[in-house]
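*Asks:* compute the structure for the input listed below.
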Amino acid sequence: MRIRIIDAFTDRPFSGNPAGVCLLDGDTWPDDARMRQVAAELNLSETAFARPLPPGGDADWGLRWFTPAVEVDLCGHATLATAHALRSDGLLRESGEDAGGGVRFATRSGVLTAQAAPDGGLTLDFPASPVVPVPVPAGTAEALGAAVTAAYGTGPLGDLLVEVADERTVRALEPDLAAVARLETRGVVVTAAAEDPAAAHDFVSRFFGPAVGVPEDPVTGSAHTALAPLWSARLGRSDLTGLQVSPRSGVVRTRLRSDRVLLSGHAVTVLDGVLRV
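*Replies:* Numbering: from 1, shown residues only. Purely as a prediction, here's the structure:
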């Protein structure tokens, strides 16, 4: 099994969000236990497994994502990393000289597409996660170590999205991860508007998911399917730039299109090897 580690939502190695990518050449999945073992061994926030599908169907590749602890329904950065691996191997479908190649993935969240741009970037087409105001769950502020100004449910995404006072608060968070894990949610997305209106980004965020084996995710594409609707409505623009201010940091460009969100970014391969057992 060939394994790559690819840094997603960045154009520099050792930044953005590293994902494991395993492109399979068989017509069946390995045992689930085997994929969980590989994901646990890599110990990254997500490891993606992809296998080619028969031609003529709705999708080109099947795609599954595993944290070190569980299989998940949606992951942005590992999808971007998988598309980057396919492009590196010359396996993207042709889709027009100006647009670059494209690929369709069959996933737990339906068919997701990735489009390659001539500048080396990639754009994912994901379902938008509608945000609905909810009462701040008890213990949230204490778990994060900061006051919460608003909270939102994210529907099928399953995360709690909370807003805090400002960008400096987001950057300074040192949450009690054990307490975060006790909240009844897949993960907690913390966000605020950009402190400087002239900055290259419109909003900032961080993501904590200890309940699914991810203490802090460096750059979370799936969270931006909820962040984009929230901030596009707030700022009155469909095209925005999100900066995830984890220690590794990364940039996600979002475009809201009705009930879909386009997530754009770059990726860099930092390791390419073979599993020997």
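*Asks:* output the contacting helices and strands for the strand or helix carrying residue 36.
*Replies:* Assigned by DSSP states H and E, residue 36 belongs to helix 32-42. Here helix 32-42 touches strand 2-8, strand 17-23, strand 46-52, strand 61-66, strand 71-72, going by 3 or more C-beta pairs under 8 Å, 6 or more residues apart in numbering; DSSP states H and E. C-betas here are computed from N, CA, C, even on glycine.
*Asks:* any idea of the angle that helix forms with strand 46-52?
*Replies:* If you take axes from the mean of the first three to the mean of the last three C-alpha atoms, to 10 degrees, helix 32-42 sits at 130 degrees to strand 46-52.
*Asks:* got the buried residues for helix 32-42?
*Replies:* 35-36, 38-39, 42 (16 or more other C-beta atoms under 10 Å).
*Asks:* closest to residue 24 among the residues you listed?
*Replies:* Proximity of these to residue 24 (C-beta to C-beta) peaks at residue 35, which lies at 9.9 Å.
*Asks:* how many neighbours does residue 69 have?
*Replies:* For residue 69, the neighbour count with other C-beta atoms under 10 Å is 15.
*Asks:* sorry, slip of the keys, the one I care about is residue 183.
*Replies:* 19.
*Asks:* tell me how far it lies from residue 90.
*Replies:* To residue 90, residue 183 is 44 Å away according to C-beta to C-beta, to the nearest Å.
*Asks:* also residue 52?
*Replies:* Taken as C-beta to C-beta, the span from residue 52 to residue 90 is 13 Å.
*Asks:* name the residue in these two with the higher neighbour count.
*Replies:* Each of residue 52 and residue 90 had its neighbours counted (other C-beta under 10 Å), and the higher figure belongs to residue 52 (16 against 7).
*Asks:* just checking, that one touches residue 60?
*Replies:* Yes: in this structure, residue 52 is within contact of residue 60 by C-beta atoms under 8 Å, at 7.0 Å.
*Asks:* enumerate every residue touching the nearest residue to residue 186 once chain neighbours are set aside.
*Replies:* Residue nearest to residue 186 in three dimensions, not counting chain neighbours: residue 158, with 4.1 Å by C-beta to C-beta, 6 or more residues apart in numbering. Residue 158 is in contact with 73, 185-187, counting by C-beta atoms under 8 Å, 6 or more residues apart in numbering.
*Asks:* which pLDDT value belongs to residue 158?
*Replies:* What the model reports for residue 158 is a pLDDT of 94.
*Asks:* my guess is residue 244 contacts residue 216. True?
*Replies:* No: using C-beta under 8 Å, residue 244 is not in contact with residue 216; the gap is 9.9 Å.
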